[in-house]
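Peer 1: using only what follows, build the 3D model:
(2 chains)
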Number of protein chains: 2
Amino acid sequence: MSQKRLMYLPLGGAGEVGMNCYVYGYGPRDKERLIVVDLGVTFPDMDNSPGVDLIIPDIAWLEARKDRIDGVFITHAHEDHVGAVGHTYARLGAPIYTRAFTANIARRKLEEHGVAANAVTVMSAWPDQVALGPFKVGFLPISHSIPESSGLVIDTPEGRVVHTGDFKLDETPLVGEGWDPVLWGEIAKPGVKALICDSTNVFSLAPGRSEATLGDNITQLVASADQLVVATTFASNVARVKTLAEAARRAGRSVCLMGRAMNKMVEAALETGVLSDFPPVISPEEALDVPRGNLMFLVTGSQGERRAASAQLANGKYRGHKLKEGDLFLFSSKTIPGNERGVIKIINQLSEIGVDVVDDSTGAYHVSGHANRPDLEAMHALMQPQILVPMHGEHRHLRAHANLAKAKGIQSVVAVNGMVINLSGNAPKVEEFVETGRTYIDGSVQIGALDGVVRDRIRMSLNGHVMVSVILDDDGPLGEPWCEIKGLPEIGSSRAGLAEVLEEDLNQFMMRAGRKTLGDDKKLEDELRRIARQSAQSEIGKKPEVTVVISRLS
Amino acid sequence: MSQKRLMYLPLGGAGEVGMNCYVYGYGPRDKERLIVVDLGVTFPDMDNSPGVDLIIPDIAWLEARKDRIDGVFITHAHEDHVGAVGHTYARLGAPIYTRAFTANIARRKLEEHGVAANAVTVMSAWPDQVALGPFKVGFLPISHSIPESSGLVIDTPEGRVVHTGDFKLDETPLVGEGWDPVLWGEIAKPGVKALICDSTNVFSLAPGRSEATLGDNITQLVASADQLVVATTFASNVARVKTLAEAARRAGRSVCLMGRAMNKMVEAALETGVLSDFPPVISPEEALDVPRGNLMFLVTGSQGERRAASAQLANGKYRGHKLKEGDLFLFSSKTIPGNERGVIKIINQLSEIGVDVVDDSTGAYHVSGHANRPDLEAMHALMQPQILVPMHGEHRHLRAHANLAKAKGIQSVVAVNGMVINLSGNAPKVEEFVETGRTYIDGSVQIGALDGVVRDRIRMSLNGHVMVSVILDDDGPLGEPWCEIKGLPEIGSSRAGLAEVLEEDLNQFMMRAGRKTLGDDKKLEDELRRIARQSAQSEIGKKPEVTVVISRLS
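Peer 2: Sure, this is the predicted structure:
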């Protein structure tokens, strides 16, 4: 079959929120030229990935086809879109294209992996386009919650594909380009073959609100405070950081940025010129000499991250500063589902100090960066795509978004990670499933999510761990079995030490065991494990993980 | 000092939501006669208590004073109020007083621990009172989200204390007694020394809604469905279960209860007569013969619990039943903060099957069981207590509730677990701090939260575990060190096996080590651990937990 096809394949971000990675291809089947859109990360948690530092998409499929990749396009500088560029560059080696602000952030990440700055090519906004193989790709500015977010116009031999990236319809985003329906309308004029569209807020039924609606509320809140004011938001939301800083300036407060990300983002925004008129900032050291009523801290950690500035301030001290009764702490942010516990912990710690906490429950101090359902409908109506493919969402979001499109007569499909979708026909067609998954960045190593490493960690944390050591020579056991326990109670139901009870039971087995069992490592190990588990079950009511070390001297 | 005092001491539930346990005392200091209100549990999570089955308050303080405890009063049958009666009975031995429905549930729990039914004395509602030492205690019916919830009227030589229990102001709760402001007003007439008051919903600014507002919405929703309908709610919310079952009956659907708690609660409610007119139910086996459009399942697992019926249905099969595209799944419940991930996982699994999910985001299918801020204010105004002590809440709730009272001129205090509050004077006074905490039910053993057992589990899950085994005789090492790794990548940066690299480094140390080091168990162990951690750090970028087993043959 030498028939060419236009294909779409999500490797991350479709069926989950996080680690976005989308592939487009054109050409004869299995010989398509490929481009990659976004290489993001997602974050580990204790339930599923304890000890892991970061999670990136499994790019094995791409790596096996690296000679066919013409370029990687990064839509914007959020971690779930750009965070994996450094971890994957050596494996893919493809040139990276993005706009100036995103390039600034991407280059910082690549530098940590020893990759030179010229791996990234900076592109201007539309009408700038780059031609790569069968594709012509341009960056189309759109409002989101970080500077220079862009959709992609991907012109192909089968027609125009528009990849929205993350977006909202905000005509007054304060920093960066606003939503420009005229420009987007022009893009749509030649006809849009497929719109690949952000689905995050499909369940939010009211139209989205502009970043500009927050300024007065925040200004009033900061002006009303007597003591120290602390505000947290995503550092990458440079517009919000600016709004907060301006509220400080109006209230006669000096601004102090706390947390690495906060400093890095403001720096990148100033370097690339997307941010101007930012109030002067003072360092945490300088802030020690400023009266509390004349200070405002802008801090990282809006999601309750354990080591961020907000958590450290709530928990005691950060850079010499301590919160006090009567201080004000503003969460100019929404808690992402799953992060509630960390955020609530901080709020309670602040409550113990006597700090007054203001969160976004009234809607006055935060707006979302994603398009709500009516905004999605407006986007569909403006672009009038032949096919709509929902992306950037859990399964429930993708399904609801596809149903929304279908209700308006647009062809759609729920395409999750690993589905190869043929966009060539009149309707999208699921043609293949490729193996996808997650790769864990664990210390300095990349491990597969299904390698069993993390499964073993989870098992040890649920069941505890018993180590059994036996020594034998040719005549049989030398001495008695030795047990070490970790993560298990020391005393069980018989009121004797758990380790001693296990050792006693294991010793009885060793004394009775025949030459054949004692001589067979595999069999001996299995038996010792079985006995240790049984014995623990009767002593403490649970079966631990057991590791057996058999040492043979001869 | 023989001056008598009236004291209040929360041991659980104040500064957290869960494991409620409150102590009241009267008498000379340190000789007070004591009563206990509620003995509840809280639930473990992977972040803080992996592998733990259940968490109960640390009752060491009570146990040391068991001869002074006159009785235990259980306000209602929610797990966070009654769940620990079985686990603590042997240690406290005090008689338990409660109303019939709660007694039914409490006795089931006690029976699992071999405690006879007569440990529980069933009391009637007010004006029934029991006199115990200096106290006279009566159960005052109040609406909540489980039958026979009650406040306690605790008459003491210092005046009347009212302990609200969990409550809302619902005059039409459908099952059980409604909110009766006349009765509660009469109780307040002699004057209320102290009101100990539920704080859960102090941040909800609109007045609470009645259970009766849901019936029409649920009935319409169920009537509109074509295929199978599944609904989940807290099984203990018997009124809701009845509303759901009645909606099924009206729609011509047979009702099938799924999940142990669902069956147990309905059974207890029928046995004790609090529930009547409940539609006939069929078993899961009988349901196999009923057309899907004529069926409704009422299932456990509204909080996303992994092994509950809802999770199993979402994940595949439960009792022979499988969900299909077009089925309807109703969450007639609110997700408790911290449980989001589990619930969202189920919703996405349902989405994959094509099941339509309806949740409480519109407010049409769920109401809270707790008093909102205006309801709390109404309660304060009705009872006019001299002192208000907020309970049943995290610190932020208690603080906001105390501020609410103070704003109305009522004396108040933020009393968290372990604070002994003297209620005798005109204002509450924090007099002592007693050691409190959490006890983990872990398999068949009770362990202290700070014993280090769970800390070790968490460390193994974050860092992985290396076991090092060395054997020595009087002349020095016998053979080479042996390493087993668990929860760590097998291959590190040098592309050799991690275990082999560690063994090599440990062996080099053993070869060079002097007689003194080799002869000193403690020193040898420390050195081996240090080297294993260092070696792992350079191979895989993390420092694992290390257990060393030194075997000496002689």
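Peer 1: the stretch 351-500 of chain A: strands as residue ranges?
Peer 2: Taking DSSP state E, counting those that start in this stretch to define them, one finds strands in the stretch 351-500 of chain A at A:356-358, A:385-391, A:393-394, A:411-412, A:419-422, A:429-433, A:438-442, A:445-448, A:465-473, A:476-477, A:482-486.
Peer 1: so can I have TSV of these showing mean pLDDT?
Peer 2: Listed next are those as TSV, based on pLDDT from 0 to 100:
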stretch	mean pLDDT
strand A:356-358	97
strand A:385-391	98
strand A:393-394	98
strand A:411-412	98
strand A:419-422	98
strand A:429-433	97
strand A:438-442	98
strand A:445-448	96
strand A:465-473	96
strand A:476-477	94
strand A:482-486	97
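Peer 1: as JSON lines, those with mean neighbour count would be great.
Peer 2: For the C-beta atoms, the positions are set from N, CA and C on the backbone; glycine is no exception. Conversion of the strands of the stretch 351-500 of chain A to JSON lines gives the following (neighbours: other C-beta atoms under 10 Å in any protein chain shown):
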{"stretch": "strand A:356-358", "mean neighbour count": "18"}
{"stretch": "strand A:385-391", "mean neighbour count": "25"}
{"stretch": "strand A:393-394", "mean neighbour count": "24"}
{"stretch": "strand A:411-412", "mean neighbour count": "22"}
{"stretch": "strand A:419-422", "mean neighbour count": "20"}
{"stretch": "strand A:429-433", "mean neighbour count": "13"}
{"stretch": "strand A:438-442", "mean neighbour count": "23"}
{"stretch": "strand A:445-448", "mean neighbour count": "18"}
{"stretch": "strand A:465-473", "mean neighbour count": "22"}
{"stretch": "strand A:476-477", "mean neighbour count": "14"}
{"stretch": "strand A:482-486", "mean neighbour count": "21"}
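Peer 1: I'd like those strands as a markdown table, with distance to B:Arg68 appended.
Peer 2: As requested, the strands of the stretch 351-500 of chain A are exported to a markdown table (distance: least, C-beta to C-beta, whole Å):
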| stretch | distance to B:Arg68 |
| --- | --- |
| strand A:356-358 | 40 |
| strand A:385-391 | 65 |
| strand A:393-394 | 54 |
| strand A:411-412 | 70 |
| strand A:419-422 | 67 |
| strand A:429-433 | 68 |
| strand A:438-442 | 54 |
| strand A:445-448 | 57 |
| strand A:465-473 | 42 |
| strand A:476-477 | 55 |
| strand A:482-486 | 38 |
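Peer 1: please produce CSV containing these, extended by distance to chain B.
Peer 2: As requested, these are arranged in CSV below (distance: least, C-beta to the nearest C-beta, whole Å):
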stretch, distance to chain B
strand A:356-358, 7
strand A:385-391, 12
strand A:393-394, 5
strand A:411-412, 14
strand A:419-422, 13
strand A:429-433, 14
strand A:438-442, 7
strand A:445-448, 5
strand A:465-473, 5
strand A:476-477, 12
strand A:482-486, 5
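Peer 1: nearest to B:Pro141, out of these?
Peer 2: Each of the strands of the stretch 351-500 of chain A was checked against B:Pro141 via C-beta to C-beta, and the shortest separation belongs to strand A:356-358, namely 35.8 Å.
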